[in-house]
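Chemist: I need the structure of the sequence given here:
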Amino acid sequence: MKKLHKAKSKINGVGLFSEQSYKEGDFIAYIDGPVQVIREHTPTLSKQTLNWIGVSKYSWINTDKSVFRYINHSCEPNVAQITKRKVVAIKDIPAGEELTMDYSLTEAEEDWEIADCKCGSNLCRGKVVSIMKLPRKVFERKEQYIPEKFKSVYRSYSRQQ
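Modeler: A predicted model of the protein is given here:
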C-alpha cells in the first residue's frame, strides 16, 4: 500500500489521497489516533473535535495527528469505516482520486449537522446530519458499510420516532 497523503481538494480545502488504485472491498488503512470518550458535547467542543471520526455514540478517534483528519465528506463516498478503525473501498477508486467518507455514517450526536454540504455528488443530500436523522432510504442503501454500533443507534432512534 502506498502512503496516503494530503493534497488540495475540490471538495473542501485539503483532502486525503493515495497514489494507489483500489477495487471495491480492498483494505485502505486503519485510522490512527487515540479514542476519546465525551458524554456531553457543547457547540465549542463540537468545533474543537471537527476532524474526529466517530466509533460509537460517545466515542471518537482523535485524528489531529493522523492523515485521516483530512478525509472529506461525500454523500456518495468511495470509502467507509466498517469497524472501529478499518477503512475499505466501497467502489473502485482510480489512483489519485480523493478518498471520501459519508460523515453521517459515523456521527451519533443527535443535533450534529453540517448545514451546507459541498460534496458535489449527484446524490448530494444538501446537508450532513447525524445517523439518527439519516433518511431511511439512504440508511438501507448504505447499511452494509455502517459500523454495527451506528446501526444500533439508528434503529433505536427510529423506533422512538
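
Chemist: how near is the residue most central in space within the chain to residue 110?
Modeler: Closest to where the C-alpha atoms of the chain average out (Cα atoms, centre = their mean) is residue 103, at 3.4 Å. Separation of residue 103 from residue 110 (Cβ to Cβ, to the nearest Å) stands at 15 Å. To be clear about C-beta, it is placed using only N, CA and C from the backbone, and glycine gets the same treatment.

Chemist: One more: residue 152?
Modeler: On the measure of Cβ to Cβ, residue 152 and residue 110 end up 15 Å apart.

Chemist: ditto for residue 95
Modeler: Applying Cβ to Cβ, the value for residue 95 to residue 110 is 39 Å.

Chemist: With residue 15 instead?
Modeler: 28 Å.

Chemist: Of the two, which one has the most company?
Modeler: Set side by side, residue 15 and residue 110 show more neighbours around residue 15, with 19 against 15, by other Cβ atoms under 10 Å.

Chemist: I figured that one was touching residue 4, is that so?
Modeler: No. Between residue 15 and residue 4 there is no contact under Cβ atoms under 8 Å: 10.5 Å.

Chemist: After the worst-scoring helix or strand of the chain on mean pLDDT, which helix or strand is next? Please name it.
Modeler: Scoring the helices and strands of the chain by mean pLDDT, DSSP states H and E places helix 43-48 at the bottom, with a mean of 56. Downstream of helix 43-48, the next assigned helix or strand under DSSP states H and E is strand 53-56.

Chemist: Check which helices and strands the helix or strand that comes right after that following strand is in contact with.
Modeler: Using DSSP H and E, the next helix or strand after strand 53-56 towards the C-terminus is strand 59-61. If you count contacts as 3 or more Cβ pairs under 8 Å, 6 or more residues apart in numbering; DSSP states H and E, strand 59-61 packs onto strand 35-37, strand 53-56.
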